[in-house]
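Asks: Predicted coordinates and the sequence they were generated for:
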Amino acid sequence: MSSGKPAVRLALLGCGTVGSEVVRLLHDQAEDLTARIGAPLEVVGVAVRRLGRERGNLPIDPALFTTDALGLVKRDDVDVIIEVVGGIEPARTWLTEALRAGKSVVTANKALLAEDGASLHDAAAEGGADLYYEASVAGAIPLLRPLRESLHGDRVTRVTGIVNGTTNFILSSMDATGAGFGEALEEATELGYAEADPTADVEGFDAAAKAAILASLAFHTRVTAADVFREGMTGVTAADIASAKEMGCTIKLLCIAQRGPDSTGQESVSVRVHPAMIPLSHPLAGVGDAFNAVFVEAEAAGPLMFYGRGAGGTPTASAVLGDIVAAARNRLSGTRAPSESAYAHLPIRPIGEAVTRYHISLDVADKQGVLASVAGVFADNEVSIATVRQSGRDEDATLVIVTHGAPDANLHATVEDLRALPIVRSIASVLRVEGGS
Ligand code: NDP
Ligand code: HSE
């Protein structure tokens, strides 16, 4: 289909898992995209690291490939830069250069946005350019645009999400089969979910980057990955999963971003990533396999749920394409994407002030007065006990204690004091509990 209008010219930085699917979608949907935008899209260059790499039969002219990404960014005949390389540098240099020069940027780079989104937003403001990054959080799920646009008339109070597909697959598999972490990770690797080095996923770095991006958008405040409390899920055992089941719960690696008053009454933001027990009745409990889901609570809208594929070449490329269409339309109409909204400047609340509940499993000597000593530790730290379950016989007993909500610092201190108690032989597990009352 010919629109008669000159093409919007695209430069693609990266042609790996996501980039190659972007190329495929641009080719396969060229006619529809032209009709929707009102002008054709033309890829004028693709930057990669290895020119000789086998790329299957990608529908693109091999002569367009280059290893000179910066040279491509600087070309005068480029309108939109699509960055699907990842990492902080050289991506930051490329994108700031492009934005300052007034070129639109579409990126999936969560690591860069969470570490130094400020540089990109400042460069976009300087160059009067569009910066889109829908694919950076939760892959295919339309989530950032609703936060950035649709919910801008409302006040978001909390965002709770499963934003890492690899760890959700591992935890779902542990829950379904009773497997331990190592076994479930092996399965995730065999199926191609987990990367050769799964550290960023299982230690929560990937989810923390996404949490920072979500919190920044939800609360109109610049939040970086360093502001996010992070605890990975490598310590979750088959026994924890079994214990969660006994309580009618499951365990998920959650990102939780919340606004509210701190201990002095000042409005602030708390952002954390950690494994948590959630009741099976919670909307996130049924999110299995490698799927992602994000539960947003806003004052006027109430609860909203976003669900879908959070990773993989094609789902992620879908989000990238949506941003390309938006950026291309803006260029044709001479308009711009909504610029960064960071006016609130809310301070970050430390994890110690986050109110949560703990599930603690203790091995103790089954003697007279043990329960009273244990309960005393909770009372001394101003933590109220919700339920206590005892099992075991003769000399040994296991106590499973679930608390009411208390500041994380008090809960943490309780666990430390319990460790020091002579009648406590070991603390088998400590998990936070979210959702429910
Ligand atoms: P890949 O590792 O599969 O691809 C990276 C691409 O970047 C490759 O084509 C590589 O070239 C190219 N590249 C690396 N270094 C350079 C360089 N210095 N100059 C030019 N090109 C370079 O990554 P993904 O496609 O998986 O991820 C891309 C981005 O998308 C990342 O930011 C990631 O976090 C994000 N993302 C990924 C998702 C996924 O499911 N994979 C989901 C959501 C976001 P070569 O091909 O020659 O090796
Ligand atoms: N490693 C990430 C995940 C990719 O498993 O969710 C998507 O960002």
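Replies: The structure has been received and is ready for your questions. Residues are numbered from 1 along each chain as shown. Ligands and ions are numbered 1, 2, ... in the order given.
Asks: OK, contacts around the closest residue to Ala69 other than its chain neighbours?
Replies: Excluding its sequence neighbours, the residue lying closest to Ala69 (Cβ to Cβ, 6 or more residues apart in numbering) is Ala47, at 3.7 Å. The way it works is simple: take the backbone N, C-alpha and C, and place the C-beta from them, glycine included. Going by Cβ atoms under 8 Å, 6 or more residues apart in numbering, Ala47 touches Ala11, Leu12, Leu13, Gly14, Phe65, Thr66, Thr67, Asp68, Ala69, Leu72, Val85.
Asks: how does it look with 10 Å?
Replies: For Ala47, the contacting residues are 11-15, 19, 64-73, 81, 83, 85, 94, by Cβ atoms under 10 Å, 6 or more residues apart in numbering.
Asks: Can you flag the buried ones in the residues you listed?
Replies: 11-15, 19, 64-65, 69, 72-73, 81, 83, 85, 94 (16 or more other Cβ atoms under 10 Å).
Asks: Give me the subset of those residues that also touch ligand 1.
Replies: Gly14, Cys15, Gly19, Ala69, Val85 (Cβ under 6 Å from any ligand atom).
Asks: Let's verify Arg425: helix, strand, or coil?
Replies: Secondary structure assignment for Arg425 (DSSP: H, G, I helix; E, B strand; the rest coil): strand.
Asks: Please shift the residue numbers so they start at 706 in all later answers.
Replies: With the count now opening at 706, the last piece we talked about shows up as Arg1130.
Asks: Could you report the pLDDT at the spatially closest residue to Gly953 that is not a sequence neighbour?
Replies: Of all residues not flanking Gly953 in the chain, Leu985 sits nearest, at 5.5 Å (Cβ to Cβ, 6+ apart). Leu985 carries a pLDDT value of 97.
Asks: correct me, but Leu985 touches Lys957?
Replies: No: counting by Cβ atoms under 10 Å, Lys957 is not a contact partner of Leu985; they are 11.2 Å apart.
Asks: neighbour count winner among these two?
Replies: Between Leu985 and Lys957, Lys957 has the larger neighbour count (other Cβ atoms under 10 Å), namely 29 against 14.
Asks: Verify the stated contact: Thr772 with Leu756.
Replies: Yes: with contact defined as Cβ under 10 Å, Thr772 reaches Leu756; the gap is 6.0 Å.
Asks: How many residues are close by Pro1127?
Replies: Pro1127 has 7 nearby residues by other Cβ under 10 Å.
Asks: Could you pull up the residues touching it?
Replies: Neighbours of Pro1127 in contact, by Cβ under 10 Å, 6+ apart: Ala1070, Ser1078.
Asks: Same check on Ala806?
Replies: Val778, Lys779, Asp781, Val783, Ile786, Ala828, Glu831, Gly832, Ala834.
Asks: Tell me if I am right that the third one is in a strand.
Replies: Looking back up the chat, that one is Asp781. No: the assignment for Asp781, made by three-state DSSP, is coil rather than a strand.
Asks: Could you count how many residues lie near it?
Replies: Counted with other Cβ under 10 Å, Asp781 comes out at 6.
Asks: so for the longest helix belonging to the chain, what's the average pLDDT?
Replies: In the chain, assigned by DSSP state H, the helix with the most residues is helix 1018-1038. The average of the pLDDT scores along helix 1018-1038 is 97.
Asks: How far off centre is it?
Replies: 21 Å (Cα atoms, centre = their mean, to the nearest Å).
Asks: same check, this time on stretch 829-840
Replies: The answer for stretch 829-840 is 20 Å, by Cα atoms, centre = their mean.
Asks: try stretch 1074-1086
Replies: That offset, for stretch 1074-1086, works out to 38 Å (Cα atoms, centre = their mean).
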